[in-house]
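# here's a sequence, model it:
(one chain, ligands or ions: 1)
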Amino acid sequence: MDAPYDRLLALLLESRQRQCFPSEIATAAPEFVKQVLGLLFPHFAERLECTAPAIRRDVMGVEANLVRLLGLLKSSLYPDTQESIPQRFIAELPDIYAALRQDADAIFEADPAARSVDEVILTYPGFYAIAIFRVAHSLHRLGFPLLPRLLTEFAHQRTGVDIHPGATIGRRFVIDHGTGVVIGETTVIGERVKIYQGVTLGALVVQKTLANSKRHPTLEDDVVVYANATILGGDTVVGRGSIIAGNAWLTQSVPPQSVVTRRTEVRQRGSDSDLGELEFHI
Ligand SMILES: CC(=O)OC[C@H](N)C(=O)O
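Numbers count the residues shown, from 1 in each chain. Presented below is the predicted three-dimensional model:
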């Protein structure tokens, strides 16, 4: 065997002996999403039995899967994790289910293009992302390691909506279209908030030392944020009932009922000396 081969083998052996990462974790997110969303909504179930024993069996299946994943992570990387998390998660499922039904209703009521709540549940990327987020947020709060981030990143890959499991999001949350939405870890969103594609709720300063501080904005109840608006900063509070127009850039608080716009300038062709600079030849 040649020297580079030996070097690589030695390196990988040393790394794996130091930390043997449980490879089952790689497929955990898609499997768990299918299982838990299939339990809550028949729309996502592969096979559906509408009897009490079948539903009980499916609930127990979700809990058993979490016990298995927690065991793998606890024995390899996270020894301090509490064993009661799967059971406590199951106890939170009724509230998660109620919140998701309200999200689906809110999306249906907000969107003239939606024909039914079933269509929203089955086809809306915003609903899919929120559904996975609410599950991940519960697990995150209960202290389940790694899985919450795997879940929201799976949703991100599927929908283009990137919500950190640590974000706090109130009832009847609507994301329409979804692609490019980013919601940071310490964002706080009130009730009945609506956001459109490309909205960023982000940090104003990105520094490791700020890991434990509020870096992302607060949107109070009934705020609407239109496409591609960017709202940054942990001290930024968008007051109740405000409307943030498309492409707006906001790094400071605004009082309730504000309208924040970013205007497009329209001029007559040929009437301005700098027009030439705008005529790009690609
Ligand atoms: C969404 C966002 O601001 O991301 C920046 C960085 N990941 C942070 O959480 O501060």
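# show me which residues of the stretch 51-200 of the chain are close to the ligand?
Contact residues (Cβ under 6 Å from any ligand atom) of the stretch 51-200 of the chain with the ligand: 182, 184, 185. Bear in mind the C-beta positions are built from the backbone N, C-alpha and C, glycine included.
# now rank those by neighbours and give me the top one.
residue 184 (21 neighbours; other Cβ atoms under 10 Å).
# can I assume that residue is in contact with residue 201?
Yes. Here residue 184 lies in contact with residue 201, judged by Cβ atoms under 8 Å, at a distance of 5.9 Å.
# overlap in contacts of these two?
residue 216 (Cβ atoms under 8 Å, 6 or more residues apart in numbering).
# and residue 154, that's in a strand?
No. Going by DSSP: H, G, I helix; E, B strand; the rest coil, the assignment for residue 154 is helix, not a strand.
# how many neighbours does it have?
18.
# ok, now which ones touch it?
29, 30, 33, 132.
# by neighbours, which of the residues you listed wins?
Neighbour tally across these (other Cβ under 10 Å): the maximum, 27 neighbours, falls on residue 132.
# returning to that earlier point: among the residues of the stretch 51-200 of the chain next to the ligand, which lie within strands?
Using DSSP state E, residue 182 are the members of those that sit in strands.
# quick check, nearest of the residues of the stretch 51-200 of the chain next to the ligand to residue 112?
Using Cβ to Cβ, residue 182 is the member of those that lies nearest residue 112, at 26.0 Å.
# who does that closest one bridge with?
Going by DSSP bridges, residue 182 is paired in beta bridges with residue 162, residue 200.
# just the helices in the stretch 51-200 of the chain please.
52-76, 85-110, 117-123, 125-142, 147-159 (DSSP state H, counting those that start in this stretch).
# and the ones you listed: which comes nearest residue 224?
For those, the distance to residue 224 is smallest for helix 85-110, at 9.4 Å, taking Cβ to Cβ.
# tell me the buried residues in that closest one?
Of the residues in helix 85-110, 85-86, 89, 92-93, 96, 99-100, 102-104, 106-108, 110 count as buried by neighbour count, 16 or more other Cβ atoms under 10 Å.
# next: stretch 131-148.
By 16+ other Cβ under 10 Å, the buried positions in stretch 131-148 come out as 131-142, 144-148.
# repeat for stretch 41-61
Those buried within stretch 41-61 under the rule 16+ other Cβ under 10 Å are 41, 43, 44, 58.
# how about these in CSV, adding pLDDT and distance to residue 189?
Formatted as CSV, those follow (pLDDT from 0 to 100; distance: Cβ to Cβ, whole Å):
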residue, pLDDT, distance to residue 189
41, 96, 22
43, 92, 25
44, 91, 24
58, 95, 30
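# would you point out the most distant pair within the residues you listed?
43 and 58 (14.5 Å).
# coming back round to it: nearest to the ligand, of the buried residues of helix 85-110?
residue 103 (21.2 Å; Cβ to the nearest ligand atom).
# for that closest one, give me its contacts.
Contacts for residue 103 were tallied using Cβ under 8 Å, 6+ apart; they are 127, 130, 131, 134, 171, 172, 173, 174.
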